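Colleague: just to be clear, the model below is a prediction. Sequence and coordinates:
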Amino acid sequence: MKKYIILIGAFAVFFIGVLIAMHVLDEKYGVATSSGQITSGSASTGDSALGSIQGMGKDQLLGEGGNGTENPEGDYVNQIEIKMEGKLTSEDWSVRQAAGLTNEGIATAMAQCKGLYGYDNIGADKQQLYVEIMLALKNRHNGVPLCSINEKDVELAASCVLLDHPDIFYVDGYSYERYMFAGTVEKIVYSANYIMSEEEIAAAWDTINQYVDACMKGLPAGAGEYEKVRYVYDFVILNTEYNVEAPNNQNICSVFINRESVCLGYAKAVQYLLQEMGVACTVITGEVTSGEGHAWNLVKVNGQYYYVDATWGDASYLSDSGTADALSSINYDYLCITTQDLQKTHIIDHPISVPTCMGTFDNYYVREGLYINGLDSMTLAGIFERAYTSGTSCISIRCANQVVFDSVQTELIDNQQIFQYLRSGTETIAYTSNENMYTYTFML
């Protein structure tokens, strides 16, 4: 009796597109014949703008320079020095205080921000600037004079704040004004583009909190950091559709309220949930190798940094091609991966430096016992038996290197040895493969 293997995809992952090729392999003769080809739609530029973290500046000329007035609260609070490079008027100091930029407010915010990736790594000389921008945004103020007169530092701090704080979802970009006299910057005044009223923000929080509560209730008791990351990865993917036309797709509202988003929305939703669970997580920006802008996450699990890309884990990418139902709903190739793995498909272009992720202990395939160093029959038999016992519809494995990946293709697929690990009576099996990540997914 002949048995057949259906090749659903050589899962060479690009930003959205996945090449789907159908093959039928004859067990007796090992001859492959192509029976058609479908290619999904190309990526939209809607996911590449990342506009919500970008800003612009302009100059205002002063009629005369000034010496500025001293901070009415003094230069220190709780042994923390409050620095000021700009020359501020008494009115400027009043504006700052109204926006929450008091000495006490700044000192408290600096203590609260410790542990956030952007704040911790922006540099000690820019941390006060970071919290000043954060306080202005959280208190929804515009026209706030800042401590710095360096526009590059302002741009860097503003980007880091928006990447660290997914709860600031009501801002879509920012601007600043440089007040100049005789070619010298005297002060910089910061403003943001607030896209929601206070009433709209309050209503959004009501729905967001419902989503978060539902997520938290499903978290297994005693879950460790890896289990939390996998749980959030699964939860966001299963409850979100990829849609470049989704409203608010640059913030958490798109995922938590509308249940559809693009990469930045996915990444901020993952970040928010993990931060609520006590797992260090930030948003990382860059591009994919095909050139589109992209965003994903950096997480810290059991003391090691890993990259996570929930957008690339979502099979709804393929919905336009009509093939999503044929694939696993979740792709785990991008759950807790190294820098080396990430750079096969992603290009990091982040405002501040990022660590080199080298850990593998909490990689999905390693933690789930799905990582193989060779074609060991007992290991493979155990993997497939666990999958059948759990009732899953598919099983994914990751090969240690190209040699093992090729041997799976040769022995299990070309020579059809895969059938010795399947339940009796199985005549066909469909699978996908991703050569970048050395993975195979078999549909059971």
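Modeller: Received, thanks. Being a predicted model, the structure only gives us computed values, none of them experimental.

Colleague: could you use CA atoms for every contact and neighbour count after this?
Modeller: Noted.

Colleague: and residue 192, that one's in a strand?
Modeller: Yes - judged by DSSP: H, G, I helix; E, B strand; the rest coil, residue 192 forms part of a strand.

Colleague: the chain should start at 59 in everything you say after this.
Modeller: In the new count, where the first residue is 59, that last one comes out as residue 250.

Colleague: give me the element the spatially closest residue to it that is not a sequence neighbour is part of.
Modeller: Nearest non-adjacent residue to residue 250, counting by CA to CA, 6 or more residues apart in numbering: residue 232, 4.0 Å away. Secondary structure from DSSP states H and E places residue 232 in strand 229-239.

Colleague: what ranges does the stretch 209-358 of the chain have for its helices?
Modeller: Assigned by DSSP state H, counting those that start in this stretch, the helices in the stretch 209-358 of the chain fall at 209-222, 256-276, 283-296, 311-314, 321-334.

Colleague: and residue 349, which of the ones you listed is closest to it?
Modeller: Of all the helices of the stretch 209-358 of the chain, the one in closest proximity to residue 349, counting by CA to CA, is helix 321-334 (14.3 Å).

Colleague: and the nearest residue to residue 479 once chain neighbours are set aside, its phi and psi?
Modeller: In space, and not counting its chain neighbours, residue 479 is closest to residue 439: 5.6 Å by CA to CA, 6+ apart. Main-chain torsions, residue 439, degrees, to the nearest 10: phi -60, psi -40.

Colleague: related to what we said a few turns ago, separation between the residue nearest to residue 250 and residue 202?
Modeller: 12 Å (CA to CA, to the nearest Å).

Colleague: are there residues contacting both of the two? Which ones?
Modeller: Common contact partners of residue 232 and residue 202 (CA atoms under 8 Å, 6 or more residues apart in numbering): 248-249.

Colleague: neighbour count winner among these two?
Modeller: Under the criterion of other CA atoms under 10 Å, the comparison of residue 232 against residue 202 puts residue 202 first, with 26 against 22.

Colleague: can you tell me how far the more buried one is from residue 252?
Modeller: Separation of residue 202 from residue 252 (CA to CA): 14 Å.

Colleague: residue 448 too?
Modeller: Computed as CA to CA, the residue 448 to residue 252 distance reads 48 Å.

Colleague: what residues are bridge-paired with the residue nearest to residue 250?
Modeller: Taking DSSP bridges as the rule, residue 232 bridges to residue 113, residue 250.

Colleague: per-residue pLDDT, it?
Modeller: According to the prediction, residue 232 has pLDDT 95.

Colleague: put the alpha carbons of stretch 221-241 into PDB.
Modeller: What follows is stretch 221-241, C-alpha atoms only, in PDB (Å, rounded to 0.1, in the frame of the first residue of the first chain):
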ATOM      1  CA  LEU A 221       8.700  52.000  24.000                       C
ATOM      2  CA  ASP A 222       8.800  51.300  27.800                       C
ATOM      3  CA  HIS A 223       5.200  52.300  28.600                       C
ATOM      4  CA  PRO A 224       2.500  50.500  26.700                       C
ATOM      5  CA  ASP A 225      -0.100  52.100  29.000                       C
ATOM      6  CA  ILE A 226       0.600  55.500  27.300                       C
ATOM      7  CA  PHE A 227      -1.700  54.400  24.400                       C
ATOM      8  CA  TYR A 228      -3.400  57.700  23.900                       C
ATOM      9  CA  VAL A 229      -0.300  59.400  22.300                       C
ATOM     10  CA  ASP A 230       0.500  59.200  18.600                       C
ATOM     11  CA  GLY A 231       3.800  61.000  18.200                       C
ATOM     12  CA  TYR A 232       5.300  64.100  19.700                       C
ATOM     13  CA  SER A 233       6.900  67.400  18.900                       C
ATOM     14  CA  TYR A 234       9.200  69.900  20.600                       C
ATOM     15  CA  GLU A 235      10.200  73.500  20.200                       C
ATOM     16  CA  ARG A 236      13.700  74.900  20.500                       C
ATOM     17  CA  TYR A 237      13.800  78.400  21.800                       C
ATOM     18  CA  MET A 238      16.800  80.100  20.300                       C
ATOM     19  CA  PHE A 239      18.800  83.200  20.900                       C
ATOM     20  CA  ALA A 240      21.900  84.100  19.000                       C
ATOM     21  CA  GLY A 241      22.200  80.600  17.600                       C
END
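
Colleague: follow-up on the earlier one: the residue nearest to residue 250 and residue 481: what is the separation?
Modeller: Distance, residue 232 to residue 481, using CA to CA: 59 Å.

Colleague: again, but for residue 392
Modeller: In terms of CA to CA, residue 392 sits 29 Å off from residue 481.

Colleague: please apply the same query to residue 469.
Modeller: With CA to CA as the criterion, residue 469 and residue 481 are 18 Å apart.

Colleague: please apply the same query to residue 273.
Modeller: According to CA to CA, residue 273 stands 35 Å off from residue 481.

Colleague: name the residue closest to the centre of this protein, please.
Modeller: residue 354 (2.4 Å; CA atoms, centre = their mean).

Colleague: ok, that one - contacts?
Modeller: Contacts of residue 354 by CA under 8 Å, 6+ apart are 321-322, 324-325, 341-343, 365-369.

Colleague: residue 199 now?
Modeller: Residues near residue 199 by CA under 8 Å, 6+ apart: 157, 249-250.
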